[in-house]
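Visitor: how would this look folded up:
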Amino acid sequence: MTYLSFIFMQDTLLGVAAVMMYPLQMYVIPKLQRKINALAKQRVRTVRRFSDRVGETVAGITEIHAHDTSHYARALVANLLGKIFDIRFEIYRRKFFVKFLNNFLDKITPFFFYSVGGYFAIIGELSVGALVAALAAYKDISAPWKELLKYYQTKEDIRVKYTQVIEQFQPEGMLSEALLDREPEEIKPLTGALVSTNLSYAEDPATKVLDTVSFGFDLGKHVITVGLDNSGKGELGMLLARLIGPTGGRISIDEQNLAELPESVVGRRIAYVGQNAYIFAGTVRENLLYSLKRRPLRDPVYDEEEKLNRERELKAALKAKNSPLDLRADWVDYAAAGVANADELETKILETIRVAQIEDDVYQLGLRGTVVPDRYPVLAQRVLEARENLRIRLQDSGVQDLLEPFDRDLYNSNMTVAENLLFGSSRDPAFDPKNLSNNPDVREVLDNTNLTWDMVNIGKRVAETMIELFADVDPGSELFDRFSFISSEDLPEFRNLLVRAEQAGIGALVEEDRASLLALTLKLIPSQHRLGMIDDDIRTRLVAARKALAERLSQRHLQVEVFDRTRFNSAISVQDNILFGRPHPQRVKAQAQLREAISQIVDDMGLRDEIIKVGLDYEVGTGGSRLSLAVRQKLAIARCLIKNPDILIVNQATSALDATAERHVLHSMIDYRKNSSLIWISDRAEFAKHFDHVMVMDGGKLRQQGTYEELKNQGGLFPQLLPAA
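Guide: Predicted coordinates for the structure are as follows:
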């Protein structure tokens, strides 16, 4: 504005000339920008589709390999990449044109200044000084004008992206903010009757999934809904949990419309679990307690620096209109679980997982888990007692030969040479038994104890034996996996290595060849690989090398926990700490007998609950991927039980369990929910005999309802759903 005012002061005509192109730009640029905005929206949508496709490919990789559709999957991805490229190229072309147009219009005004203004200066109607001053001022206008145009284009680009984000997170049918945020002063238990009146649900106008379904029952009863696939029973369960909204009719609880209850009531007093219940990344414990984390209830204790950081975080969150709630606070609602403190909550957790029949699964996770003694000092000490009790029990039973215990003075015939040498465990990959042949500390100890060349020679003999035995075996044979130290792919390489050893002598082999032969020796298990190559002399020398290696590792403070009968080893599992040895592979059912002995000792010592607590700290992986589907379903059921809901809806959530396990879960939950509502939705009509009220769905309609005996003798659809006698 300053530059333009100056130009107008020099000459009005020059001022008009200076601004004459701006209206054209202000009219044309937004029109061109609208085209770019439309392309930007298309790009965002296409990129989102591309992201979804990549996610599907990763999740469905098993199906892709199973059906040989990798070329199709790649073509889909390539097609979307091509579309993204085309869209981006078109955006670039249009942006380039806008830039060209701006530059053209920007430079055409000086052209007129020089031509027309120059003419008037020649004939004396305009002073040269005024013309030069106007040109200088106009030259300086260009930078702020381009800055304004750049700001406009950036604003439009951000506006498009923001609109897309809002559309993505505000789909049709979202719960209103009023229901989401409103919280009554007192959340009372749900009582009275649950009544459905002309309930309908349609995913599209042409097809009704549920059609005028009406029923009612008093809360506190156990109700089962059965029906064939596509009968509408699954959708009915979701409607009762208000996970989807009805398109017609209503559900009321004690004459309150379920659709109008705030989520703080529905989420606390009603629990729902479906067959595809999601398990979050984290521990088993965190997933169990997830249903109790509704609001931060107890503030964390901060030091002065942390308090200042928290205040800054809070100010930034409020300014950005983000959630101001502190994630580091204690969110667990003890009262909702019916307990007063963390100790009582542990008891509640154990009770809940027993009801959901997941106790043994978590116990097995605990046995396989590792324990840091500083965190579980009592358990670590008790495991040492269990170790001694197992040894005594095996001796008293005369089956001590089931297990060869770890003894630092003796060679263990059921361990590999590498394991015998290291005689400990480490989380450092450098000390993985598979990598010891290249470990500098191990190699130096072998050199110092004059074992290196003996073990290389043993490796050479192993290679010769393997080549002799497997030279004519089909490369795809399972014999390679079961009995060979050398894979079919590596066999030619070792054959060439042996040729080099014969020609130049084993002493002339390069370091890489020596390490390869040494690695073969380190894989030997005398009790399993009866090749007679690890004789008593080698065993004695390996035990001496073991002690030298342990001393060296201790001096260098390397992270290897040596096996010590008097100490708990945090690098191996709880079960391995109790065993503290290796089972004899030749003894039939040795593993099963040892597991049974451990189980008895754990129960006799009252350690089961402590080991279960270790299992509760097991990391389940993304989406619970490290757990089986059956365990994920039982974990989701336990997550619902722990919050003591007034109404529990189990919507085919035991589908991954076998019939026996499903019955156990059903009976356990019926007993546990004796005075609370349980709504069970299932394909198994025979379960109906255990429920107070039975509803039969078919084709989106409620065909029959009543007690099991009434419906069984009534005829119609229900008897047809029962298994044949």
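Visitor: tell me, what residue is most central in the chain?
Guide: In the chain, the residue lying closest to the centroid (C-alpha atoms, centre = their mean) is residue 622, at 0.9 Å.
Visitor: hey, where'd the strands end up in the stretch 51-200 of the chain?
Guide: Secondary structure of the stretch 51-200 of the chain, counting by DSSP state E, counting those that start in this stretch: strands at 193-201.
Visitor: what ranges in the chain fall below the confidence cut-off?
Guide: Where the chain drops to pLDDT under 70, the residues are 171-173, 588, 725.
Visitor: tell me the contacts of the residue nearest to the centre of the chain?
Guide: For residue 622, the contacting residues are residue 281, by C-beta atoms under 8 Å, 6 or more residues apart in numbering. The C-beta positions use only the backbone N, C-alpha and C, and glycine is treated the same way.
Visitor: and if you look at residue 341?
Guide: residue 334.
Visitor: what about it, distance to residue 674?
Guide: Distance, residue 341 to residue 674, using C-beta to C-beta, to the nearest Å: 26 Å.
Visitor: try residue 422
Guide: For residue 422, the distance to residue 674 - C-beta to C-beta - is 55 Å.
Visitor: those two: which is more packed in?
Guide: Legend: neighbour count by other C-beta atoms under 10 Å for residue 422 and residue 674, higher for residue 422 (25 against 10).
Visitor: I'd guessed that one sits against residue 431; true?
Guide: Yes: the criterion here is C-beta atoms under 8 Å, and residue 422 meets it with residue 431 at 6.3 Å.
Visitor: gap between stretch 437-454 and the chain center?
Guide: Distance, stretch centre to chain centre, for stretch 437-454: 42 Å (C-alpha atoms, centre = their mean, to the nearest Å).
Visitor: show me what it is in contact with.
Guide: For stretch 437-454, the external contacting residues (C-beta under 8 Å, 6+ apart) are 421-422, 430-431, 436, 455, 506-507, 514-516, 518-519, 522, 538, 541-542, 544-545, 548-549, 552-553, 556, 558.
Visitor: re earlier: quick check: neighbours shared by residue 422 and residue 431?
Guide: residue 560.
Visitor: can you give me the helices for the stretch 301-450 of the chain?
Guide: 304-319, 334-337, 342-355, 359-368, 377-396, 417-422, 440-448 (DSSP state H, counting those that start in this stretch).
Visitor: what helices and strands are in contact with the first one?
Guide: It refers to helix 304-319. For helix 304-319, there is no helix or strand it packs on, judged by 3 or more C-beta pairs under 8 Å, 6 or more residues apart in numbering; DSSP states H and E.
Visitor: now the helix or strand encompassing residue 711 - C-alpha only, CSV.
Guide: Counting by DSSP states H and E, the element that carries residue 711 is helix 708-714. Extracted in CSV, the C-alpha atoms of helix 708-714 (Å, rounded to 0.1, in the frame of the first residue of the first chain):
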residue,chain,number,x,y,z
TYR,A,708,-36.4,-73.4,26.7
GLU,A,709,-39.0,-76.0,27.6
GLU,A,710,-41.8,-73.9,26.1
LEU,A,711,-40.0,-73.4,22.8
LYS,A,712,-38.8,-77.0,22.6
ASN,A,713,-42.3,-78.3,22.8
GLN,A,714,-43.9,-75.5,20.8
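Visitor: in the next helix or strand after it, what's buried?
Guide: Past helix 708-714, further along toward the C-terminus, the next helix or strand under DSSP H and E is helix 717-721. By neighbour count with 16 or more other C-beta atoms under 10 Å, helix 717-721 contains the buried residues 717-718, 721.
Visitor: distance to residue 131 added to those residues, as a markdown table?
Guide: Shown next, in a markdown table, are those (distance: C-beta to C-beta, whole Å):
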| residue | distance to residue 131 |
| --- | --- |
| 717 | 97 |
| 718 | 99 |
| 721 | 97 |
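Visitor: got the contact list for the helix holding residue 711?
Guide: For helix 708-714, the surrounding residues in contact (C-beta under 8 Å, 6+ apart) are 688-689, 691, 694, 696, 704-706, 718-719, 722.
Visitor: and if you look at stretch 175-190?
Guide: 219, 253-254, 260-265, 268-270, 646-647.
Visitor: so how far is that stretch off the chain centroid?
Guide: The answer for stretch 175-190 is 30 Å, by C-alpha atoms, centre = their mean.
Visitor: show the end-to-end separation of it, please.
Guide: Stretch 175-190 has an end-to-end distance of 21 Å (C-alpha to C-alpha, to the nearest Å).
Visitor: and if you look at stretch 117-127?
Guide: This stretch, stretch 117-127, spans 9 Å end to end (C-alpha to C-alpha).
Visitor: may I see the buried residues of that stretch?
Guide: Within stretch 117-127, the residues that count as buried by 16+ other C-beta under 10 Å are 117, 120-121, 126.
Visitor: quick one: which of those is nearest residue 375?
Guide: For the buried residues of stretch 117-127, the closest approach to residue 375 (C-beta to C-beta) belongs to residue 117, at 84.7 Å.
Visitor: which residue is the nearest non-sequential neighbour of the closest one?
Guide: Leaving aside its sequence neighbours, residue 117 sits nearest to residue 131 (C-beta to C-beta, 6 or more residues apart in numbering; 4.8 Å).
Visitor: quick one: that neighbour and residue 13, what's the gap?
Guide: Residue 131 is 11 Å from residue 13, where distance means C-beta to C-beta.
Visitor: picking up where we left off before, and the residue nearest to residue 117, how close does it get to residue 14?
Guide: 8 Å.
Visitor: the closest residue to residue 373 other than its chain neighbours: neighbour count?
Guide: Nearest residue to residue 373 in three dimensions, chain neighbours excluded: residue 380, at 4.0 Å (C-beta to C-beta, 6+ apart). Using other C-beta under 10 Å, residue 380 has 19 other residues around it.
Visitor: so for residue 131 and residue 13, which sits in the more crowded spot?
Guide: Legend: neighbour count by other C-beta under 10 Å for residue 131 and residue 13, higher for residue 131 (19 against 15).
Visitor: hmm, back to that, ok, the residue nearest to residue 373 touching residue 371?
Guide: Yes: contact criterion C-beta under 8 Å: residue 380 and residue 371 qualify, at 6.2 Å.
Visitor: what touches both of these two?
Guide: Both residue 380 and residue 371 are contacted by 568, 570, under the criterion C-beta under 8 Å, 6+ apart.
Visitor: then stretch 344-361 to PDB, C-alphas only?
Guide: Taking Å, rounded to 0.1, in the frame of the first residue of the first chain, the C-alpha atoms of stretch 344-361 are listed here in PDB:
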ATOM      1  CA  GLU A 344      -7.400 -55.800  46.000                       C
ATOM      2  CA  LEU A 345      -7.400 -55.100  42.300                       C
ATOM      3  CA  GLU A 346      -4.800 -57.900  41.800                       C
ATOM      4  CA  THR A 347      -7.200 -60.300  43.500                       C
ATOM      5  CA  LYS A 348     -10.000 -59.100  41.300                       C
ATOM      6  CA  ILE A 349      -7.900 -59.700  38.200                       C
ATOM      7  CA  LEU A 350      -7.200 -63.300  39.200                       C
ATOM      8  CA  GLU A 351     -10.900 -63.900  40.000                       C
ATOM      9  CA  THR A 352     -11.900 -62.400  36.600                       C
ATOM     10  CA  ILE A 353      -9.400 -64.500  34.500                       C
ATOM     11  CA  ARG A 354     -10.600 -67.600  36.200                       C
ATOM     12  CA  VAL A 355     -14.200 -66.900  35.300                       C
ATOM     13  CA  ALA A 356     -13.200 -66.200  31.700                       C
ATOM     14  CA  GLN A 357     -11.200 -69.500  31.700                       C
ATOM     15  CA  ILE A 358      -8.000 -67.800  30.700                       C
ATOM     16  CA  GLU A 359      -6.200 -68.500  33.900                       C
ATOM     17  CA  ASP A 360      -4.200 -71.500  32.500                       C
ATOM     18  CA  ASP A 361      -3.300 -69.500  29.300                       C
END
